[in-house]
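Enquirer: all I have is the shape, not the residue letters:
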């Protein structure tokens, strides 16, 4: 088992994570304190000292490091893969070592036990093998699945791939998804663009066994540089797996972390309205992230992702709107928007426009 891990950012050491009983302690490197930035402004201010989490929200990690760990799909693959190669004992630090240098965001973990991403992948084969895993059946290509999806977040099967030398995330169907979920998310993304929501390039990759696989270009990569990313859940050290916040909290966080960037606040309002009208109820805190801009030395709201049809088992939004999880109307949206500093007329007009576009373009999914 790994006892400590050094953390890097674009070739520069940030600090070290070490096991401390059932938690993981972190300390910045002295050089990083002089020339770097806080990788988690509220929990890990840029100063000397050893930081230890107050609770076990992220299994003994600070949220910013938990962001690098895979969620249910990636964990499932990692467990199967480690079993295959005969590793029986491992913990969170070992998992980070297997994430190595290809996790989401810019943080890299050394020692690095992760296999490299290759350029070619058969999407249909990946889907068939993923179906076996999801049904608890034996899979002949666990190496393939783990190689491409072992560091991915979220519950749905994903693959991190290179297309024309650019980094993309491709999603696959799970047994809990609506039919043709890839086509659905592709159409949702295009409606987001029409509304004016900042969303990366997307593609619908062809398939012989479905209407296509949804692909989205990674925004935590720019040319040969990685961009530091942190989720709202990590910033707030909040358990995203259950309802724990209101959009008012998200607006407040956005105003603080972006230094009151108006375009980011307006962007968040568009996303809130879209999620309500397009029935994206899985709008938890890990589905909102911020990127660090070294030029301006501040954080900015990341491009949107996971903007697709989704339900929750309790039938309510994971992040409440005006303290309501369902039966949300335009008045709730406007109240949240105006309390967050936006003009009332702007809020009303944008909400009406988004509802009209969603009703016209996505009616077949939400009717």
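Expert: Yes, it's here. As the structure is a prediction and not an experimental result, all values here were calculated from the model.

Enquirer: start and end of stretch 276-294, how far apart?
Expert: Terminal residues of stretch 276-294 are spaced 33 Å apart (CA to CA, to the nearest Å).

Enquirer: which helix of this structure spans the most residues?
Expert: Determined from DSSP state H, the single longest helix within the chain is helix 344-361.

Enquirer: as a check, name the ranges of all helices in the stretch 201-350 of the chain.
Expert: Ranges of helices in the stretch 201-350 of the chain, per DSSP state H, counting those that start in this stretch, are 232-236, 247-257, 262-277, 330-339, 344-361.

Enquirer: what's the closest of the ones you listed to residue 124?
Expert: When these are compared by CB to CB, helix 344-361 sits nearest residue 124, at 28.1 Å. Every C-beta, even on glycine, is put in place using the N, C-alpha and C of the backbone.

Enquirer: check which residues of the closest one are buried.
Expert: Across helix 344-361, burial judged by 16 or more other CB atoms under 10 Å covers 347, 348, 350, 351, 354, 355, 357, 358, 361.

Enquirer: ok, the fifth one - contacts?
Expert: In this structure, residue 354 makes contact with 195, 270, 273, 274, 277, judged by CB atoms under 8 Å, 6 or more residues apart in numbering.

Enquirer: flag the shaky bits of the stretch 51-200 of the chain, pLDDT-wise.
Expert: Applying pLDDT under 70 to the stretch 51-200 of the chain flags the ranges 112-120, 133, 136-155.

Enquirer: hmm, try it at 90
Expert: Within the stretch 51-200 of the chain, the segments meeting pLDDT under 90 span 69-104, 111-165, 167, 173-179.

Enquirer: do a quick rundown of the helices in it.
Expert: 63-66, 72-84, 92-99, 123-134, 142-149, 181-195.

Enquirer: deepest-packed of the ones you listed, please.
Expert: Of the helices of the stretch 51-200 of the chain, the one with the most neighbours on average (mean count of other CB atoms under 10 Å) is helix 63-66, at a mean of 25.

Enquirer: what helices and strands are in contact with that helix?
Expert: Here helix 63-66 touches strand 229-231, helix 232-236, going by 3 or more CB pairs under 8 Å, 6 or more residues apart in numbering; DSSP states H and E.

Enquirer: could you dump those to TSV with distance to residue 74 and mean neighbour count?
Expert: Below are those laid out as TSV (distance: least, CB to CB, whole Å; neighbours: other CB atoms under 10 Å):
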stretch	distance to residue 74	mean neighbour count
strand 229-231	15	24
helix 232-236	16	24
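
Enquirer: can I get the ones you listed in TSV including distance to residue 335 and mean pLDDT?
Expert: What follows is those, written out as TSV (distance: least, CB to CB, whole Å; pLDDT from 0 to 100):
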stretch	distance to residue 335	mean pLDDT
strand 229-231	25	98
helix 232-236	20	97
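
Enquirer: now distance to residue 27 too, for these, in CSV please.
Expert: Formatted as CSV, the helices and strands packed on helix 63-66 follow (distance: least, CB to CB, whole Å):
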stretch, distance to residue 27
strand 229-231, 18
helix 232-236, 18
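
Enquirer: show me the one of these that comes nearest residue 51.
Expert: From those, taking CB to CB, the stretch that ends up closest is helix 232-236, at 13.8 Å.

Enquirer: what sits up against that closest one?
Expert: The contact list for helix 232-236 (CB under 8 Å, 6+ apart) reads 40-43, 58, 62-64, 66-67, 238-240, 245, 249-250, 253, 257, 284-286, 288-290.

Enquirer: so can I have JSON lines of the buried residues of helix 344-361 showing distance to residue 14 and pLDDT?
Expert: Output for these, formatted as JSON lines (distance: CB to CB, whole Å; pLDDT from 0 to 100):
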{"residue": "347", "distance to residue 14": "40", "pLDDT": "98"}
{"residue": "348", "distance to residue 14": "45", "pLDDT": "98"}
{"residue": "350", "distance to residue 14": "39", "pLDDT": "98"}
{"residue": "351", "distance to residue 14": "41", "pLDDT": "98"}
{"residue": "354", "distance to residue 14": "39", "pLDDT": "98"}
{"residue": "355", "distance to residue 14": "44", "pLDDT": "98"}
{"residue": "357", "distance to residue 14": "42", "pLDDT": "98"}
{"residue": "358", "distance to residue 14": "41", "pLDDT": "98"}
{"residue": "361", "distance to residue 14": "43", "pLDDT": "97"}
